[in-house]
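Enquirer: Build the 3D model from these lines:
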Amino acid sequence: MADGVAFEYTGLVEEVRRQPQIKATQVKVSLTIAERLAGERVQELHDAIGAESLAKIRNAISTAWIPLQVDIVLSHAVEATCGPNSDFERARESLTTAMDQRLLRPFIEGVRKVFGLSPKGLLKTSRRAWSSLYRGGGEPRFVDLGADTAALDFEEMPAEVLASEVYLRAIAGAFQALLDLAAVQGEVFVECVDTAAGTVRFRMTWH
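Expert: Below you'll find the predicted structure:
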């Protein structure tokens, strides 16, 4: 390979790596759940996702990283097909499923041994789980706000995530699954979205 071509190829690879990505296995789980939620409207769901994004999900090996935009497209397709806030519940179920599979099970078992499955224990250590699912998808920081409330403040959140209320709500749905695992009643709110700064806060309350 000529030096110029090699340099161009290397630059392209680095550019792809810099793009926000998500683990393919998680998107495959999400697609399966979305298809079940869509029921008889599954073809409508597939049409909303689009052939290109659908192929990227189906053809990727489970350990691969795929563009985060594909997961955002999936979220919007679920909302368009199944109705408002449906992707919150899809994301909630997706993470619940993932926590019982190989990708996130070690994280859950580690939290169980050190902290017990408390809301704050799960949230304090969520950075590790987040980095297992996302590459270039923001950096979470745990903030203790009181006895029964806390927040995850994200920095360097991709612009395409901050621009999508649907996908931000999907992330909130995933954090709702952590409260479910802790066996508490609670809510997760999206707060303080700052597109210029690349930040967003997810606040959780429980009882």
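Enquirer: What backbone torsions are found at the closest residue to Pro158 other than its chain neighbours?
Expert: The shortest distance from Pro158 to any residue other than its chain neighbours is 4.2 Å, reached at Pro20 (C-beta to C-beta, 6 or more residues apart in numbering). Bear in mind the C-beta positions are built from the backbone N, C-alpha and C, glycine included. Here is the backbone geometry of Pro20 (degrees, to the nearest 10): phi -60, psi 130.
Enquirer: Where does the prediction get shaky in this structure?
Expert: Low-confidence regions of the chain, defined here as pLDDT under 70, cover residues 1-17.
Enquirer: The closest residue to Val184 other than its chain neighbours: neighbour count?
Expert: Spatial nearest neighbour of Val184, excluding adjacent residues (C-beta to C-beta, 6+ apart): Trp206 at 4.2 Å. Residues within reach of Trp206, counting by other C-beta atoms under 10 Å, total 19.
Enquirer: Next up, identify which helix or strand the residue most central in space within the chain is on.
Expert: Compute the mean C-alpha point of the chain, and by C-alpha atoms, centre = their mean the closest residue is Ile171, 5.4 Å away. Secondary structure assigned from DSSP states H and E places Ile171 in helix 165-181.
Enquirer: Pull out the buried positions in that helix.
Expert: For helix 165-181, a neighbour-count test (16 or more other C-beta atoms under 10 Å) marks 166-181 as buried.
Enquirer: Could you do stretch 194-206 as well?
Expert: Residues Gly198, Thr199, Val200, Arg201, Phe202, Arg203, Met204, Thr205, Trp206 are the ones in stretch 194-206 that count as buried (16+ other C-beta under 10 Å).
Enquirer: how about the CA coordinates for stretch 75-83, as PDB?
Expert: Taking Å, rounded to 0.1, in the frame of the first residue of the first chain, the C-alpha atoms of stretch 75-83 are listed here in PDB:
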ATOM      1  CA  SER A  75     -35.500   5.100  19.300                       C
ATOM      2  CA  HIS A  76     -37.300   7.500  17.000                       C
ATOM      3  CA  ALA A  77     -38.700   4.600  15.000                       C
ATOM      4  CA  VAL A  78     -40.100   3.000  18.200                       C
ATOM      5  CA  GLU A  79     -41.800   6.300  19.200                       C
ATOM      6  CA  ALA A  80     -43.200   6.800  15.700                       C
ATOM      7  CA  THR A  81     -44.600   3.300  15.600                       C
ATOM      8  CA  CYS A  82     -45.700   2.600  19.200                       C
ATOM      9  CA  GLY A  83     -46.500   6.100  20.500                       C
END
